[in-house]
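Undergrad: I'd like to go over a predicted model; first the sequence, then the structure.
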Protein chains: 2
Amino acid sequence: MAQGKNTYQFEDLLEKHQLKKTGARLRVLSMMYAKNTATSQPDLESVMHDIDRVTLYRILNVFEEKGIIHKVFDLNGTANYAVCSSGCHEHHHHDEHLHFNCTACKGVFCLNELSLPAINLPTGFQPTGFTLYASGLCPKCSGASPKSSPKERT
Amino acid sequence: MAQGKNTYQFEDLLEKHQLKKTGARLRVLSMMYAKNTATSQPDLESVMHDIDRVTLYRILNVFEEKGIIHKVFDLNGTANYAVCSSGCHEHHHHDEHLHFNCTACKGVFCLNELSLPAINLPTGFQPTGFTLYASGLCPKCSGASPKSSPKERT
DNA sequence: TTCGTAAATGCAATCATGTTGCATTAGTAT
DNA sequence: ATACTAATGCAACATGATTGCATTTACGAA
């Protein structure tokens, strides 16, 4: 996972995608790279009160278009965004990994290390992408610490 | 196949789940059993103008609770509902099959015949259910012969 | 068959998320 | 420093999800 980025690296990232280096974008990048779960727009709003909802909305959209992040829906049908691993390019995402929805803390985890097995569809279906979802309890909410920290989504 | 149900069978179904046999519920059941794709609430609203949105909302919820239908989100994060196959009970759904989202007609197909292979999760994750999504073109929209309609249903 | 009761419905209202248009601000190349 | 365009903020709207409450209806009991 591309963790531990600093501000300069985020600026490079924006520059690479021909996006202007604005404070809002850098803060969004910083927050999304810092956590290991996907982030919804309400998540971002609750932290960055000073940035307009629409700005966040457009930042997330342009990041997705550029292949910086990818979108995944949680159990409520709300869009969550997570940093893309290598292999994502503009308009061409490779997020064919497992998305784990924790039913307790509502966190959405992207488990990149799991690759999907080959799937055979009935005749006529022409798939362009697959996504595997699992729901249940994440490590934090299961076993050891039953006290979930509803810090992620709500 | 569980197709071709008549009104009496729908009444039996409602009775089995201790639900009163109302006109609205019978019409919803009839419509959902008649089509081979999942149905969103807006779909139902557009057809049954005389039934209140909230009534439809509650009918869908109680059907899902009882294990009559199951919920699946489409590409827009909108809830779609499909009739459950055998194996669904109250608060215990078995919809671990593939959901195909057509990007053209927006149809959501439940491909029951595809069973998921075993998935190994990282330590700590305790999954209770899996769902596999695919997006692309359905047989009708891809130009393939629309003759053989694969039996979808949950 | 009527009646009583709980369930089901309709209506109004509200919340949450997503989305567009437009005027203003700010990043950046020159 | 200037100018041009991208980015932002604000207002407004769209859609789907959700709750509270008054009214109606299904259905078992009298």
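TA: Looks like it arrived, so ask away.
Undergrad: which parts of chain A sit against chain B?
TA: Residues of chain A lying close to chain B (Cβ under 8 Å from any Cβ of the partner chain) are A:73, A:77-79, A:98, A:100, A:103, A:109, A:111, A:113-114, A:116-117, A:119-140, A:142-143. Backbone N, C-alpha and C define where each C-beta goes, glycine included.
Undergrad: narrow the residues you listed to those in strands?
TA: A:73, A:79, A:98, A:100, A:109, A:111, A:126-137 (DSSP state E).
Undergrad: quick check: which ranges of chain A have low pLDDT?
TA: Applying pLDDT under 70 to chain A flags the ranges A:1-5, A:86-95, A:115, A:144-154.
Undergrad: quick check, central residue of it?
TA: With distances taken as Cα atoms, centre = their mean, the residue of chain A nearest its centroid is residue A:82 (1.3 Å).
Undergrad: and that one, backbone torsions?
TA: With angles defined as degrees, to the nearest 10, residue A:82 sits at phi -140, psi 150.
Undergrad: who is it paired with across the strands?
TA: Beta bridges link residue A:82 to residue A:70 when assigned by DSSP bridges.
Undergrad: now do the same contact list for it.
TA: Applying Cβ atoms under 8 Å, 6 or more residues apart in numbering or on different chains, we find residue A:82 in contact with A:32, A:37, A:38, A:39, A:69, A:70, A:72, A:108, A:110.
Undergrad: still on that earlier bit, from the residues of chain A next to chain B, which are also near DNA strand D?
TA: residue A:77 (Cβ under 7 Å from any atom of the strand).
Undergrad: picking that back up, buried subset of the ones in strands among the residues of chain A next to chain B as a PyMOL selection?
TA: Isolation of the buried members of those (16 or more other Cβ atoms under 10 Å in any protein chain shown) is achieved in PyMOL through the command below:
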select buried, chain A and resi 73+79+98+100+109+126+127+130+131+132+133+134+135+136+137
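Undergrad: contacts only, for whichever residue of chain A sits closest to DNA strand C.
TA: Relative to DNA strand C, the nearest point of chain A is residue A:79 (3.2 Å; Cβ to the nearest atom of the strand). Applying Cβ under 8 Å, 6+ apart, we find residue A:79 in contact with A:40, A:41, A:60, A:71, A:72, A:73, B:77.
Undergrad: the fourth one contacts residue A:64, doesn't it?
TA: Yes. Here residue A:71 lies in contact with residue A:64, judged by Cβ atoms under 8 Å, at a distance of 5.7 Å.
Undergrad: mind listing the shared neighbours of these two?
TA: Joint contacts of residue A:71 and residue A:64 (Cβ under 8 Å, 6+ apart) are residue A:81.
Undergrad: against the centre of chain A, work out the most remote residue.
TA: Largest separation from the mean C-alpha position in chain A: residue A:123, at 32.4 Å (Cα atoms, centre = their mean).
Undergrad: list the buried residues of stretch A:11-23.
TA: A:13, A:14.
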